[in-house]
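Visitor: below are the sequence and a predicted model for it; my questions follow.
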Amino acid sequence: EDQVTQSPEALRLQEGESSSLNCSYTVSGLRGLFWYRQDPGKGPEFLFTLYSAGEEKEKERLKATLTKKESFLHITAPKPEDSATYLCAVQSHNAGNNRKLIWGLGTSLAVNP
Amino acid sequence: DTGVSQNPRHKITKRGQNVTFRCDPISEHNRLYWYRQTLGQGPEFLTYFQNEAQLEKSRLLSDRFSAERPKGSFSTLEIQRTEQGDSAMYLCASSFPEQPQHFGDGTRLSIL
């Protein structure tokens, strides 16, 4: 069964204190791994797609990496506005044509000024 | 790009009543998805449309739930005879083929 596990559940950082969020996955044929950001009361906001091991994507203070078993979201010198829940999701080749996403529970990040 | 629009943003109803939500996807996105999300959880897949065709429904979607996308543009999700367990955020997403899904801000349903 396809499964996504995120850790830690919650993370509190000081402004400027870099860290990493983990997303471990078990999937029968990875089509893609996705990172989203979700603010309270809002829908998930797309950040990155990763397709193959070794791939990396960057956007401002965020960098996503992918191995055959996990992905990391590195946050460099975070600011309070980076506070949000970060969700990881995977698409499996076995999902057929519908491309539905299998989601983790998310990491709730709080960045203190 | 106006984004995915969902209405209403909040719906409060009494148990047993019927409710209907609307989703307007990003223009020309032919794929549309409905998900349900409860507090502290990731979204759960409910159903998927390609153009006007509903191609898959989750086992989570009981007979009380029905979704339509009549002309391949906007979609509606109806819940009949609502129950307490239906309280959740209902999210809609749309995409082009092989492109990431983009989400609306959801409809939060509260059952009294």
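Guide: Perfect, thanks for sending it. No experiment lies behind these values; they were computed from the predicted model shown.
Visitor: pLDDT weak spots in the chain?
Guide: Assuming you mean chain A. Chain A contains residues with pLDDT under 70 at A:95-98.
Visitor: ah, no, chain B please
Guide: Using pLDDT under 70, the flagged stretches of chain B are B:1.
Visitor: what ranges do the strands span in it?
Guide: According to DSSP state E, chain B carries its strands in the segments B:5-7, B:10-13, B:19-24, B:31-37, B:44-50, B:53-57, B:65-68, B:75-79, B:88-95, B:102-103, B:107-111.
Visitor: for the fourth one, name the packing helices and strands.
Guide: Contact partners of strand B:31-37 among helices and strands, from 3 or more C-beta pairs under 8 Å, 6 or more residues apart in numbering or on different chains; DSSP states H and E: strand B:44-50, strand B:75-79, strand B:88-95. Just so you know, the C-beta spots here come from the backbone N, C-alpha and C atoms, and that holds for glycine as well.
Visitor: chain A is nearest to which of those strands?
Guide: Nearest to chain A among those is strand B:44-50 (4.3 Å), distances taken as C-beta to the nearest C-beta.
Visitor: the closest one pairs with which strands, parallel or anti?
Guide: In the sheet, strand B:44-50 lines up against strand B:31-37 (antiparallel), strand B:53-57 (antiparallel) (DSSP bridges).
Visitor: who are the contact partners of A:Y25?
Guide: When contacts are counted by C-beta atoms under 8 Å, 6 or more residues apart in numbering or on different chains, A:Y25 is found next to A:D2, A:Q3, A:V4, A:T5, A:L33, A:K69, A:E70, A:S71, A:C88, A:V90.
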